[in-house]
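> Here is my input; please provide its structure:
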Amino acid sequence: MQKPNKRLENQTCIVTGASSGIGEAVAKALGTEGANIVVNYHSGKEEAEEVADWIEKNSTCGKAITFKCDVSKENEVQDMFAKTISHFGTVDVCVANAGIQIDHALHEMPLEAWQKVIDVNLTGQFLCARESIREFLKRGMRKEVSKSLGKIIHMSSVHEIIPWAGHSNYAASKGALIMLMQSICQEYGPKKIRCNNIAPGAIKTEINKDVWSTKEGREGMLGLIPYKRIGVPEDIGSVASWLASDESEYINGTTIFVDGGMTCYPGFTVNG
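Numbering: from 1, shown residues only. I've put the predicted structure just below:
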């Protein structure tokens, strides 16, 4: 975890899917920077409360609350933003991190599996972005805390550009985030709203523990990473806190890959 420097002091950040993994690391990183944090969760109430408690104890000045919300449900997302605004006054940053995988070969994939992944990974990002933009435009510029009217960060994946056999619903949802993010930038950049993607590569979380916890699995993952290190959630948290700050103020409408070089296709190192 990076040392605090109050880059986000007096700002309020919603982080979805923040009870564990990458979302937890992002929430803690933003909190360490002095922001107020809304720790969103879907099912891990106790874990979310532990994250909020950690932020309260380790933040320079920020506070934290938890909020249960299924990001694929419009009314629940709206309720989350309403509570945030009621409690903290506004929203300055939204990190739409919540996501799921339901894997099937395409010819065996039930419509329910396709729809659920799209609902959470894409529609959820749209709903969070829409509510963020509504609040940014209604509230107006807060020059005393940020040069931007508001900041939206979508948690994407290297699979927004790398095909992934057996995971077509997931890859499709992440690929679509490119156009959602860039369209938001194009439409609302003139209003000084910034929107970007963070695209993690192989990161050690519970969702892929069965792979990185074995020697064979680790070696397979490292074969895809030129930097020869599997990422950790804190790698993403550090980028998110910087991207939410004014230090990255001129960055808008792009994807930042945090992948140790995975998108450089190391399979082509020889005999390319």
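> worst-scoring helix or strand of the chain, pLDDT-wise?
Within the chain, judged by mean pLDDT, DSSP states H and E, the helix or strand with the poorest mean is helix 209-212; its value is a mean of 74.
> Tell me the gap between the following helix or strand past that one and the middle of its chain.
Per DSSP states H and E, helix 209-212 leads on to helix 215-222 as the next helix or strand towards the C-terminus. Taking Cα atoms, centre = their mean, to the nearest Å, one finds helix 215-222 lying 25 Å from the centre of the chain it belongs to.
> after helix 215-222 comes which helix or strand?
Past helix 215-222, heading to the C-terminal end, the next element that is a helix or strand (DSSP H and E) is helix 233-243.
> Return that next one as CSV; C-alpha atoms alone will do.
These are the backbone C-alpha positions of helix 233-243, laid out as CSV (Å, rounded to 0.1, in the frame of the first residue of the first chain):
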residue,chain,number,x,y,z
PRO,A,233,-4.5,-6.3,-6.1
GLU,A,234,-2.4,-3.4,-4.7
ASP,A,235,-0.9,-3.0,-8.2
ILE,A,236,-4.3,-2.0,-9.4
GLY,A,237,-5.1,0.1,-6.3
SER,A,238,-2.0,2.3,-6.9
VAL,A,239,-3.0,3.0,-10.4
ALA,A,240,-6.6,3.8,-9.5
SER,A,241,-5.6,6.3,-6.8
TRP,A,242,-3.4,8.1,-9.2
LEU,A,243,-5.9,8.0,-12.0
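> Could you export whatever helix or strand comes next after that helix as CSV, CA atoms only?
Elements were assigned by DSSP H and E; along the chain past helix 233-243, the next helix or strand is strand 255-258. Output for strand 255-258, consisting of C-alpha atoms alone and laid out as CSV, is shown next (Å, rounded to 0.1, in the frame of the first residue of the first chain):
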residue,chain,number,x,y,z
THR,A,255,-7.2,2.2,-21.1
ILE,A,256,-4.3,1.8,-18.7
PHE,A,257,-3.1,-1.9,-18.9
VAL,A,258,-1.7,-3.2,-15.6
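> distance of Val232 from Trp54?
Using Cβ to Cβ, to the nearest Å, one gets 16 Å for the distance from Val232 to Trp54. C-beta coordinates here come from the backbone N, C-alpha and C atoms, glycine included.
> quick revisit: residues in contact with the least confident helix or strand of the chain: which ones?
Contacts of helix 209-212 from elsewhere in the structure, counted by Cβ atoms under 8 Å, 6 or more residues apart in numbering, are 202, 204, 217-218, 220-221, 230.
> returning to what we had before: look at Val232 and Trp54 and report which has more neighbours.
The residue with the greater number of neighbours, taking Val232 and Trp54 and applying other Cβ atoms under 10 Å, is Trp54; the counts read 18 against 13.
> name the element that one belongs to?
Element membership for Trp54 (DSSP H and E) is helix 45-58.
> mind listing what's buried in that helix?
Buried residues in helix 45-58, defined by neighbour count with 16 or more other Cβ atoms under 10 Å: 47-52, 54-55.
> go on, stretch 58-73?
By neighbour count, with 16+ other Cβ under 10 Å as the criterion, the buried positions of stretch 58-73 are 59, 62-67, 69-73.
> Stretch 108-127 now?
By 16+ other Cβ under 10 Å, the buried positions in stretch 108-127 come out as 109, 113-114, 117-127.
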